[in-house]
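**Student:** Okay, sequence plus prediction incoming.
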Amino acid sequence: MSGAVKDDGARWFCVGDDVTRASAEAAIRGALVAQRDRLAEVHVDIISDCDWPADVRGTVRLAERRLAKNRRRSTSLTLDPRIDEDFDIALVLAPFTIGCDGYSGDGRLIWDVNDTGTSTAFALTPAEELAVRSAITKVGSGADGLMLLSEYHLGQRAFGYGVVGATAPDAEPWQPPDGWRAYERTVRLGSGSDLWDEASSAVLSWGVKTRSGFAVDPPLEEGRSAREGERSWLVARVGPLRVREPVEVVATVATSRRAALAYGTLEGHPVSGEEAFIVSRDDDGNVSLTLRSLTRAGRNLRGALFPPTLIAQRVYRRRYLRALRRSGRQATFPMLPPD
């Protein structure tokens, strides 16, 4: 039965940034074929951030009809890889959708493709790894286009915006640059040294993000703060979509009165800009959290998709502003008023 095969020796791999488009497509489809016996369920978002290629539009229409029959508002189609028609839909659309993932019989993610095939991750057994490398070489590329995820770095991605550091987490007051959607809001967390110690530590270790539903990949070691220049994937669910966002820490602040982390978006992020989380305390020991952000549509985000992204951003902002209120002794606070 599909999804029941053991994954002994499976390791996570991805497609390198410098491979050709043909190599990326070969790896994506090769991994799907190689892992079919271990896949129990595949989810494909019937949305692309570019025009669907002519030779896949027939499959897109088929998938859209399947979605319409589900009679629920969703862009994600759930497929059973044991059924040939379902598997063929995934195989055809995977390199071009904004999101597609596959799960084993025990519910573990083992195959993941996002952002028109530019973000990939596959949990491959040794035999599956050989099959994927073979698929890449058949299109005339080197097998080293498939690399261990643990060795993969985002160093070749440029920043997706030009005002790096403009959230100025060490500055008060803040003067945002012209031409951006600028946002700043401060909420009081409470008071006391215990709250300050926990909140300042949390903000420096991605705590605002992780307590708001994001995962950081790779995760920080226990007890370590993020460092300027580190690059990561921020992973979130936005409705039915699973989004992997490449970012770099552009500034950190750690003083007796101020702790902050600012990160900027890299190429491939759905939006362009920067966000900063700042924890501060005054002379009376009052502790506050400030959120600053600068936002524009990303280069790979079609205009029609930017408004929904802004809606999701507003939802997450409210989570951010509440995230550290669950820390320390003063954890019960009234609901925030509307933005």
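**Tutor:** Structure received.

**Student:** Every contact and neighbour count from this point should use C-alpha atoms.
**Tutor:** Fine.

**Student:** okay, which residue is most central for this protein?
**Tutor:** The centroid of the chain falls nearest to residue 244 when counting by CA atoms, centre = their mean (2.0 Å).

**Student:** For that one, give me its contacts.
**Tutor:** The neighbours of residue 244, taking CA atoms under 8 Å, 6 or more residues apart in numbering as the test, are 114, 119, 233, 234, 235, 236, 269.

**Student:** Show only the entries of the residues you listed found in helices.
**Tutor:** Applying DSSP state H to those, no entry is found in helices.

**Student:** Spell out the residue ranges of the helices in the stretch 101-250 of the chain.
**Tutor:** Taking DSSP state H, counting those that start in this stretch to define them, one finds helices in the stretch 101-250 of the chain at 126-137, 193-204, 207-210.

**Student:** Show me what the shortest one packs onto, helices and strands only.
**Tutor:** With contacts defined as 3 or more CA pairs under 8 Å, 6 or more residues apart in numbering; DSSP states H and E, the packing partners of helix 207-210 are helix 306-323.

**Student:** model confidence over the helix it packs on, on average?
**Tutor:** Confidence over helix 306-323 (mean pLDDT, whole number) is 66.

**Student:** what pairs with the residue nearest to the centre of the chain across the strands?
**Tutor:** Beta-bridge pairing for residue 244 (DSSP bridges): residue 235.

**Student:** And it, how close does it get to residue 56?
**Tutor:** Distance of residue 244 to residue 56, given as CA to CA, to the nearest Å: 24 Å.

**Student:** what's residue 260 in contact with, if anything?
**Tutor:** Contacts of residue 260 (CA under 8 Å, 6+ apart): 169-170, 200, 203-204, 251-254, 276-279.

**Student:** related to what we said a few turns ago, for the contacts of residue 244, work out which two are farthest apart.
**Tutor:** The largest separation in the contacts of residue 244, counting by CA to CA, is between 119 and 236 at 13.9 Å.

**Student:** Please, which helix or strand holds residue 92?
**Tutor:** Residue 92 belongs to helix 84-93 when assigned by DSSP states H and E.

**Student:** re earlier: for the contacts of residue 260, pick the one with the most neighbours.
**Tutor:** Highest neighbour count within these, by other CA atoms under 10 Å: residue 279, with 29 neighbours.

**Student:** Show me what the helix or strand hosting that one pairs with in its sheet, parallel or antiparallel.
**Tutor:** Secondary structure assignment for residue 279, by DSSP H and E: strand 271-281. Strand 271-281 pairs in its sheet with strand 258-265 (antiparallel), strand 286-297 (antiparallel), by DSSP bridges.

**Student:** Which one of those lies nearest to residue 63?
**Tutor:** Taking CA to CA, strand 286-297 is the member of those nearest to residue 63, at 27.6 Å.

**Student:** List the buried residues in that closest one.
**Tutor:** By neighbour count with 16 or more other CA atoms under 10 Å, strand 286-297 contains the buried residues 286, 287, 288, 289, 290, 291, 292, 293, 294, 295, 296, 297.

**Student:** one step back: pipe the helices of the stretch 101-250 of the chain into a markdown table and attach mean pLDDT per row.
**Tutor:** Rendered in a markdown table, the data for the helices of the stretch 101-250 of the chain read as follows (pLDDT from 0 to 100):
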| stretch | mean pLDDT |
| --- | --- |
| helix 126-137 | 95 |
| helix 193-204 | 95 |
| helix 207-210 | 93 |
